[in-house]
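I would like the atomic coordinates for the input below:
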Amino acid sequence: MTSAADDYDFRWGDPCPGRIINYWQDGALHNAHDRQLASVLIQMHPFAAAAAAAIGRYLVATLRRNRDQIYQLLALGCGLPTWVSEAGRWARVVYVEHQDVPYIDTTRYLLGSFGRVHQLLTVDRLDVPMEMWHPVLWKTFRPSRPILVLLTGPFASVGYGRTTAGMIDALRDTLPDGSALVVALPAGDHLHVRLLQACVPQWTDPWRRDEVERLLARFGDIDAPGVMELMGQAAPDTTLVGRTETVAYAGIAYMTQGGNR
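This next block holds a predicted model:
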């Protein structure tokens with residue numbers, strides 16, 4: 001199996017966590033090294049591909065539902081997402097990523113392949129104060145228009161704590177009324193430290209449903225039906241083949257006008 005990315009030089013060599021997740025989401029930004037490691041990882045964690053795929057489907061569906069209301073997208077450390085092809089043609093995108101991730105050139109190429117206004121902001125910490133983002137945000141975004149924030153990817157490793165809660169508070173206090181926060185995070189140990197440690201070394205415990213709910217409620221009003229359990233099946237040719245489990249938690253919260261400040 002080959003992909004469009006095999007013919008493009010993204011510093012190929014060692015397998016890359018972001019490209020492996022892209023592969024599991026039926027993306028095209030992966031090569032033979034990534035696919036080989038993916039097959040090894042799936043034997044250790046039979047639900048890993050299902051978690052990545054379920055999160056990808058949820059994000060694409062959520063973007064489609066909101067595209068008539070929100071035209072500006074702030075993506076926080078989302079890896080190499082397949083939803084960029086969905087949003088990149090109609091939304092203005094600011095993508096915030098850790099400066100040391102091994103796939104940053106791939107991300108830059110991915111965002112640059114669309115004609116609308118996009119910015120890639122690299123930071124040494126994903127919990128930097130929002131004041132450091134303001135020049136980039138308002139260079140790309142219109143301050144009077146709502147912004148859709150996507151929180152996924154490496155935040156699977158961070159867990160709910162002071163850092164993440166502080167970032168949500170900063171977003172809530174900075175973004176225009178009517179903005180929304182979309183959270184989609186793997187449940188349990190389905191995206192293990194071995195997969196994400198190259199991106200975020202400070203791995204902590206996996207996310208729980210109540211933590212995802214607290215995160216969304218901190219931002220605004222959680223939209224019905226609340227925090228969803230995304231289901232997935234174990235990969236074929238694994239010891240758990242045929243088994244179905246909750247592989248991720250997801251939800252969306254909206255800032256009510258003047259109600260979150």
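
separation between residue 70 and residue 146?
Noted for residue 70: a distance of 5 Å to residue 146, by CB to CB, to the nearest Å. C-beta: built from backbone N, CA, C; applies to glycine.

anything in contact with each of those two?
178-180 (CB atoms under 8 Å, 6 or more residues apart in numbering).

tell me the one among these nearest to residue 20.
residue 180 (28.5 Å; CB to CB).

and the closest one, what does it touch?
66, 70, 146-149, 220, 252-255.

same list (the shared contacts of residue 70 and residue 146) but as a markdown table, adding distance to residue 232.
Converted to a markdown table, these look like this (distance: CB to CB, whole Å):
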| residue | distance to residue 232 |
| --- | --- |
| 178 | 32 |
| 179 | 29 |
| 180 | 25 |
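
so which of these belong to strands?
Judged by DSSP state E, the subset of the shared contacts of residue 70 and residue 146 located in strands is residue 180.

go through the shared contacts of residue 70 and residue 146 and say which is closest to residue 46.
When the shared contacts of residue 70 and residue 146 are compared against residue 46 (criterion: CB to CB), the nearest one is residue 180, at 33.0 Å.

and that closest one, bridged to which residues?
Residue 180 has these beta-bridge partners by DSSP bridges: residue 148, residue 254.

by pLDDT, give me the weakest of the contacts of residue 180.
In this model, the minimum pLDDT among the contacts of residue 180 belongs to residue 70 (80).

could you look up the SS state of it?
coil (DSSP: H, G, I helix; E, B strand; the rest coil).

quick one: low-confidence ranges for the chain?
1-13, 79, 81, 84-86, 88, 98-117, 123-133, 153-163, 188-206, 257-261 (pLDDT under 70).

mind listing the helices for it?
Under the criterion DSSP state H, helices of the chain are mapped to 17-24, 32-44, 48-66, 84-87, 104-112, 134-140, 155-158, 162-174, 193-196, 209-219.

out of the ones you listed, deepest packed?
Among the helices of the chain, ranked by average contacts under mean count of other CB atoms under 10 Å, first place goes to helix 17-24 (a mean of 28).

which helices and strands does that one pack with?
Secondary-structure packing of helix 17-24 (3 or more CB pairs under 8 Å, 6 or more residues apart in numbering; DSSP states H and E): helix 32-44, helix 48-66, helix 104-112, helix 193-196.

so that helix versus helix 32-44, what angle?
Going by axes from the mean of the first three to the mean of the last three CA atoms, to 10 degrees, helix 17-24 is angled at 80 degrees with respect to helix 32-44.

among the helices of the chain, which comes closest to residue 238?
Ranking the helices of the chain by proximity to residue 238 (CB to CB) places helix 32-44 first, at 6.0 Å.

quick one: list the elements packing against the closest one.
Counting by 3+ CB pairs under 8 Å, 6+ apart, helix 32-44 packs on helix 17-24, helix 48-66, helix 193-196.

in CSV: those, plus distance to residue 75.
Formatted as CSV, the helices and strands packed on helix 32-44 follow (distance: least, CB to CB, whole Å):
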stretch, distance to residue 75
helix 17-24, 13
helix 48-66, 10
helix 193-196, 17
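
for residue 172, find the nearest of these.
Short answer: helix 48-66, nearest of these by CB to CB, at 17.9 Å.

show me what the closest one is packed against.
Checked by 3+ CB pairs under 8 Å, 6+ apart, helix 48-66 has helix 17-24, helix 32-44, helix 84-87, strand 148-151, strand 180-186, strand 228-233, strand 244-254 packed alongside it.
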